[in-house]
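Undergrad: Sequence first, then the predicted structure, then my questions.
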Amino acid sequence: MKLFKNSALALAAVLGLTLLFTGCETPAPVEEPVEEAPVKQDNFYERQDDVSYSWQGFPENVTRPEDAFILVEREVPTEVRPGDSISYVVRITNQSTFTVDKIVHAEILSASLEFVSAEPYPEERDGNLLWTIDGFGPGESRTITIEGKSLRTGSLRYSGDTSLAFGLGSLALAANAIQPELSLAVNNPSVNLIEEIIPVAVNFRNSGTAPINNAVLVHTFPKGLLTEDGKSRIELPMGNFAPGEMKNVDLNLKGVETGVYETQLRATADDGISAVATLSTSVVKPELEINANSPTLRYVGNIIPYSIEIRNIGDGVANDTVITQVLADGTSLASADQGGLAEGRSVVWNVGTLNPGQAKVVSTRVVGERIMIARSTARAMAKSADTVQAVMITDVEGIEALLVEVVDDNDPVPVGEFITYTVEVTNTGSLEATGINIIASLTPEMEFIESDGASKSGIQGDKVVFETLPALAPNAKATWTIRVKAVGSGDLRFRLDVTSDQLERPVTEEESSNFYN
């Protein structure tokens, strides 16, 4: 018979219960035939005619002393007389391969026996003698010798109780008991970007001494946490585990909503075996904010400065951040800072990583080449972040700039001869000039003869007034000639006044001429 085949005994040992059994009472003299004890070597007393021998085994259902794991033997004299000294022996032997945490043996003395002494000396409690043995190892044997005195005639009864206490530690060691034990461990990053892969390593291990059969991990993830292929539930059959065997499984999850996730993974197997491990992670998201600035007004040919600021206002790192500015048609790039590269009509900055709270500012200088409403778009994007953009609007206006030049062809001129004044009006601005009027003022020494050019003229007193020129495009030129006769001498001034719809004040030009006799 082997230890723990008795289910009640095994249960008691696991629970740390105390098991009691009582030794046989041996009367003196013996009135009943005593079953012959087998001849023993070392651990068993040999039968003698003047000695009464009895034994009690553990477990209680063993039929032979040599089969008992814990054997309690008693040897007492068969006959004594009143007043005689009595000596008897109790021997306790551990015949098993395990250690008993504690043994308590109690001798209940007969009323006809007076206790004198014992070796080892016991604790006396409520009229009983108690011996305690701690850590009773395999093969150990203890002998208790009790000395007493017979008080009167009649039967002397010898009886005792022996209790055994097992701890969990001694159970496993003593019985070489085997037991499966499933352990589960989870390893994953503590912080992850939204919609990015979350690598999860799950470790299964049989840390026990018996096989584990049909292990499986079934789990439903909380809302917002999915597998890589978008499933909320997993079922992973792991099969059987030999003692000490370990298996690893890699799971790829992703967070589709930001937040803190903590969920317990549970693995189960046959015979009610289970293990749990906690998966804890945070799903964060970068969030970009863009502020783009440009002047509201510039004139054709002027520089339009642009400034673009990108800030990560989210709780996740913005990786692979890129800023792009798309230039308006009719503008050209003059320069870009921070390593901005021109790509067609765009300027691109590879910013890289923006940590939460971090900002990046870039700028360009652009030339407005014509009158227009210049709309330039700034855009920023990063991994796991939503794209943001802003539009910068600048009114590019033109300006009228009339250049008026007057020259004479044969200065100085004698009185009685003719002189021709040539007038050139050039629009050097960026805006078309409209409603151009020219008035030439003559001195008394000048007599109007004729005129020619971009518009017809008429005489109004001492002034030559030309008809209105409807328009003059940027960089265009209009020419007129005025022929006069010198009718008097002097250092004279030929004056020309030019006005237009765009000019608030006339442009005045004079040409000096010397008339002489």
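TA: In hand now; what should we look at?

Undergrad: Direction included, what does the helix or strand harbouring Glu147 pair up with?
TA: Assigned by DSSP states H and E, Glu147 belongs to strand 141-150. Strands flanking strand 141-150 in the sheet, each with its direction: strand 85-94 (antiparallel), strand 113-119 (antiparallel) (DSSP bridges).

Undergrad: in that strand, what's buried?
TA: Counting neighbours by 16 or more other C-beta atoms under 10 Å, one finds that the buried residues in strand 141-150 are 144, 146, 148, 150. Glycine gets a C-beta too; all of them are placed from N, C-alpha and C.

Undergrad: just the residues you listed now: which is nearest Asn213?
TA: Minimum distance to Asn213 across these is 48.7 Å, recorded for Ile144 (C-beta to C-beta).

Undergrad: where's the closest one relative to Leu151, distance?
TA: Between Ile144 and Leu151 the computed distance is 22 Å (C-beta to C-beta, to the nearest Å).

Undergrad: Can you give me the domain assignment for this structure?
TA: Structural domains of the chain, as assigned by automatic domain parsing, span the residue ranges 7-175, 182-284, 288-397, 402-516.

Undergrad: now for the strands paired with strand 141-150, which one comes closest to Asn302?
TA: strand 85-94 (105.9 Å).

Undergrad: which intervals of the chain have sub-threshold pLDDT?
TA: Counting by pLDDT under 70, the chain has low-confidence residues at 1-49, 153-178.

Undergrad: and the strand or helix carrying Gly239, what other elements does it pack with?
TA: Mapping Gly239 onto the secondary structure by DSSP H and E places it in strand 233-241. In this structure, strand 233-241 makes packing contacts with strand 197-206, strand 212-220, strand 246-255, judged by 3 or more C-beta pairs under 8 Å, 6 or more residues apart in numbering; DSSP states H and E.

Undergrad: Check what contacts it and list those residues.
TA: Strand 233-241 is contacted from outside by 180, 182, 202, 204-206, 211-221, 227, 247, 249, 251, 267, 269, using C-beta atoms under 8 Å, 6 or more residues apart in numbering.

Undergrad: for the strands paired with strand 141-150, which one ends up most surrounded?
TA: Burial of the strands paired with strand 141-150 is given as mean neighbour count (mean count of other C-beta atoms under 10 Å); strand 85-94 ranks first at a mean of 19.

Undergrad: Tell me which helix or strand comes right after that one.
TA: Elements were assigned by DSSP H and E; along the chain past strand 85-94, the next helix or strand is strand 100-108.

Undergrad: other SSEs contacting that next one?
TA: Where contact means 3+ C-beta pairs under 8 Å, 6+ apart, strand 100-108 is packed against strand 70-77, strand 85-94, strand 128-136, strand 141-150, strand 159-165, helix 168-175.

Undergrad: hmm, 10 Å instead?
TA: Contacting strand 100-108 under the criterion 3 or more C-beta pairs under 10 Å, 6 or more residues apart in numbering; DSSP states H and E are the following elements: strand 18-22, strand 70-77, strand 85-94, strand 123-125, strand 128-136, strand 141-150, strand 159-165, helix 168-175.

Undergrad: next one: the strand holding Glu147 to chain centre, how far?
TA: Between the centre of strand 141-150 and the centre of its chain there are 73 Å (C-alpha atoms, centre = their mean, to the nearest Å).

Undergrad: quick check: angle from that strand to strand 128-136?
TA: 170 degrees (axes from the mean of the first three to the mean of the last three C-alpha atoms, to 10 degrees).

Undergrad: ok, which stretches of the stretch 301-450 of the chain are strands?
TA: 303-312, 318-326, 331-336, 341-343, 346-354, 359-368, 372-383, 388-397, 402-408, 413-414, 418-427, 433-441, 446-453 (DSSP state E, counting those that start in this stretch).

Undergrad: quick one: contacts of the helix or strand that the last one is followed by?
TA: Okay, so that is strand 446-453. Heading C-terminal from strand 446-453, the first helix or strand you meet, by DSSP H and E, is strand 457-460. Outside strand 457-460, the residues that touch it by C-beta atoms under 10 Å, 6 or more residues apart in numbering are 438-440, 442, 448, 450-451, 463-467, 480, 482.

Undergrad: burial count for the nearest residue to Asn302 once chain neighbours are set aside?
TA: Leaving aside its sequence neighbours, Asn302 sits nearest to Gly368 (C-beta to C-beta, 6 or more residues apart in numbering; 6.2 Å). A count of nearby residues for Gly368, using other C-beta atoms under 10 Å, gives 24.
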